[in-house]
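Peer 1: what would the 3D arrangement of this be:
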Amino acid sequence: MKLLIDNALSPYVAQQLRVAGHDVAHVRERGLQAAADEQIMELAVSEARVVVSADTDFGALLAGSGASAPSLLLLRGPIARRPQEQVHVVSDVLGTYGPDLLRGAVVVVTDAGTRVRPLPIRSR
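Peer 2: Modelled structure (predicted):
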């Protein structure tokens, strides 16, 4: 699975996930550290990458657009502040929820658990 790590997460996360064998790009490596979220999402779609972030704006963009891509792995709460923990959590989520992300989903990970919402997000 191909991942695009957002600027809200350290380049360390991308580096360590690469060492673990994942195809990972960080927005800073692409010169997009100051890019709008929409531009990051366009890159993720064009390269078929899952966006990994701690920024809830990506979920709002997906919900507002009704888009079916890109998938989003969103880290929330205290885990979103510790790069070593982020690497571990992302690896675990890919192992467990990889099929959901490949089909198109928003996977939200908090200290309390994990929620999966298929894309496109439809208003209730």
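
Peer 1: just after whichever strand or helix holds residue 89, pick out the following helix or strand.
Peer 2: With elements taken from DSSP states H and E, the one containing residue 89 is helix 83-103. Once the chain leaves helix 83-103, the next helix or strand it forms, by DSSP H and E, is strand 105-110.

Peer 1: if you count neighbours, what's buried in that following strand?
Peer 2: Within strand 105-110, the residues scored as buried using 16 or more other CB atoms under 10 Å are 105, 106, 107, 108, 109. The way it works is simple: take the backbone N, C-alpha and C, and place the C-beta from them, glycine included.

Peer 1: is it possible to get a markdown table of these that adds distance to residue 38 and pLDDT?
Peer 2: Listed next are these as a markdown table, based on distance: CB to CB, whole Å; pLDDT from 0 to 100:
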| residue | distance to residue 38 | pLDDT |
| --- | --- | --- |
| 105 | 20 | 98 |
| 106 | 16 | 97 |
| 107 | 21 | 98 |
| 108 | 20 | 96 |
| 109 | 23 | 95 |
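
Peer 1: and those residues, which is closest to residue 56?
Peer 2: The closest of those to residue 56 turns out to be residue 108 (CB to CB; 8.9 Å).

Peer 1: for that closest one, give the beta-bridge partners.
Peer 2: Beta-bridge partners of residue 108, counted by DSSP bridges, are residue 74, residue 115.

Peer 1: ok, it - contacts?
Peer 2: Contact analysis of residue 108 by CB atoms under 8 Å, 6 or more residues apart in numbering lists 59, 74, 76, 114, 115, 116, 117.

Peer 1: ok, and what's touching stretch 13-26?
Peer 2: Contact with stretch 13-26 is made by 1-5, 7, 9, 11, 29, 47, 49, 52, 83, 86-87, 90-91, 94, as judged by CB under 8 Å, 6+ apart.
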